[in-house]
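Asker: sequence and predicted structure below; questions after.
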Amino acid sequence: MFPFLDHVIAVSPSPGQFAESLAVCMEPPFGNLYEALMEQLAEDPDVFRIPGDETGAVGFGEQWMRAMAELKEAGRR
């Protein structure tokens, strides 16, 4: 899942387009996720940005993927 999300993030120039691309690729099971992400984005346009990180949504996605990989690895131990 995460390599797919990495690709979608790489080709999506904005958090809004990332959310739209994700929804199109994963409908209908993730339709509610799209709605929740769009609500969060409307409330805070910087929700998918890490403070002080100039890479924006891409940096957020990369950090998220690293965190998930670390959790997976920790679960194996």
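Answerer: Happy to help now that I have it. Numbers count the residues shown, from 1 in each chain.
Asker: leaving out sequence neighbours, find the closest residue to the spatially most central residue of the chain.
Answerer: Nearest to the mean C-alpha position of the chain, counting by CA atoms, centre = their mean, stands G61 at 5.1 Å. The shortest distance from G61 to any non-neighbouring residue, by CB to CB, 6 or more residues apart in numbering, is to I9 (4.0 Å). For the C-beta atoms, the positions are set from N, CA and C on the backbone; glycine is no exception.
Asker: let me know the pLDDT of the one you found.
Answerer: At I9, the pLDDT value in this model is 76.
Asker: buried sites along the helix or strand harbouring it?
Answerer: If you go by DSSP states H and E, I9 is part of helix 2-11. The neighbour-count check on helix 2-11 (16 or more other CB atoms under 10 Å) flags 5, 8-9 as buried.
Asker: per-residue pLDDT of the nearest residue in space to G59 that is not next to it in sequence, please?
Answerer: Computed as CB to CB, 6+ apart, the closest residue to G59 that is not its neighbour in sequence is D53, at 4.3 Å. For D53, the pLDDT comes out at 86.
Asker: likewise for E39?
Answerer: The model reports E39 with a pLDDT of 92.
Asker: how near is it to A74?
Answerer: From E39 across to A74, the span is 31 Å (CB to CB, to the nearest Å).
Asker: now P51
Answerer: 25 Å.
Asker: next: A57.
Answerer: According to CB to CB, A57 stands 26 Å off from A74.
Asker: for the protein, which spans come out with low pLDDT?
Answerer: For the chain, applying pLDDT under 70 flags the ranges 1, 29-30.
Asker: swap in 90 and give it another go.
Answerer: Flagging of the chain using pLDDT under 90 yields the residue ranges 1-38, 41, 44-61, 64, 72-77.
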